Structure formats: C-alpha cells, structure tokens
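model the structure of this input:
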Amino acid sequence: MFDLTYQEKKSIVTLISTILIFAIYCLYMYPRYPEQGAELTEVLRYWGAFVLILMLVSIIAHIIISIVFNIVYRMTTGEKEPGFTDELDRIIELRAHRISFLLFIVGFLCAMGSLVMEKPLYVMFDFLIAAGFLADVSSSVTKLYHYRRGF
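You can find the predicted model right below:
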C-alpha cells in the first residue's frame, strides 16, 4: 500500500465520517417525516429540526472524530499533527472551499428554482440538504485529490 501524508489521512477520515454521519442521520430522521396532510407548521418544524440537529450532530461528531484521529495518529506514527501550514496547504484549502461553495450555491439555486416551479416544500429542503452534503464531501475529495496529485 502507498504511504499517505497526514493531510491525506485526515481528508479520508473526514470524507468517510461525513458520509457515515449523514447517512445514519438521514436513516434516523426521514422515517419521522410528518404524515401526508400534516399542517404546514408541523412540516416546517420537522425541516427546521432536521437541519439544526444535523448541523449540531455533524459539528460535534467532527470535533470528536478529529480528536480521536489525532490521538490514534500520534500513537501509531509517533508524530504530532503538523503545527504549520505552508503555501501549498493554503492553496489546496482555498480550492476546496471554492468548489464547495460553488456546489452549495448551485444547490441553493436549484432549491429556489423548485419553489418557483411550485414543487412540494420537501423538494426545496432536499435540495438544500443535498447541496450541503455534496459541498462537504467535495471539499474532502478536492483536498485528497490535490494532496495526492501534488497540486
């Protein structure tokens, strides 16, 4: 197997954890969608809770996973997390952010377009949630690609 740098390993762990957190959360929450004919306030409350709880769960899980990753990395390699970022790290981070933001904006525009086309409310929220997920995944994939490629 090929040798991976700290940044590549961290990108892989972030990518896998993002996918797992999102999948498990969706499997838990989607069956709880209000029944057909529910009041609009109940549906909006569901989606508001869905997004807020997903954000909180995701942030807390990523912090815990990052701490565990650094502990395991230090125990297995004997090295500390790099304490500096060089020009290459900053450029890769900027590219990852740019692609991530672009995907989210496209998803946001699709969500707003679904409202204009008079699609059901859940379509808009599905677009927004999918856009956030794809933006997060694309950031990790972009970082992994550029660190692997060398720039």
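
all contacts plus neighbour counts: C-alpha atoms, from now on.
Fine.

what's near enough to touch Ser100?
Contact analysis of Ser100 by C-alpha atoms under 8 Å, 6 or more residues apart in numbering lists 134-136, 138-139.

most neighbours, which of those?
Ser139 (25 neighbours; other C-alpha atoms under 10 Å).

verify the stated contact: that residue with Phe101.
No - Ser139 is beyond contact range of Phe101, at 9.1 Å (criterion: C-alpha atoms under 8 Å).

now do stretch 94-103: distance to the chain's middle.
Remark: stretch 94-103 is offset 12 Å from the chain centroid, using C-alpha atoms, centre = their mean, to the nearest Å.

can you offset everything so residue one is 334?
That works, and once the first residue is 334, the last one we named lands at stretch 427-436.

buried set for it?
428-434, 436 (16 or more other C-alpha atoms under 10 Å).

which one of the residues you listed is nearest Tyr406?
Distance to Tyr406 across the buried residues of stretch 427-436 (C-alpha to C-alpha) is lowest for Ala429, with 23.3 Å.

could you report the separation of the closest one from Leu360?
Distance, Ala429 to Leu360, by C-alpha to C-alpha, to the nearest Å: 28 Å.

with adjacent residues omitted, what lies nearest to the residue most central in space within the chain?
Centroid-nearest residue in the chain, with C-alpha atoms, centre = their mean: Asp469, separated by 3.0 Å. Once flanking residues are discounted, Asp469 sits nearest to Ser433: 6.5 Å by C-alpha to C-alpha, 6 or more residues apart in numbering.

what does Pro453 give?
Pro453 sits nearest to Ser447 (C-alpha to C-alpha, 6+ apart), 8.0 Å away.

which residues does the one you found contact?
Counting by C-alpha under 8 Å, 6+ apart, Ser447 has contacts 453, 456-457.

about what we covered before: any chance of the contacts of Ser433 in TSV, plus secondary structure?
Below are the contacts of Ser433 laid out as TSV (DSSP: H, G, I helix; E, B strand; the rest coil):
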residue	secondary structure
Leu467	helix
Ala468	helix
Asp469	helix
Ser471	helix
Ser472	helix
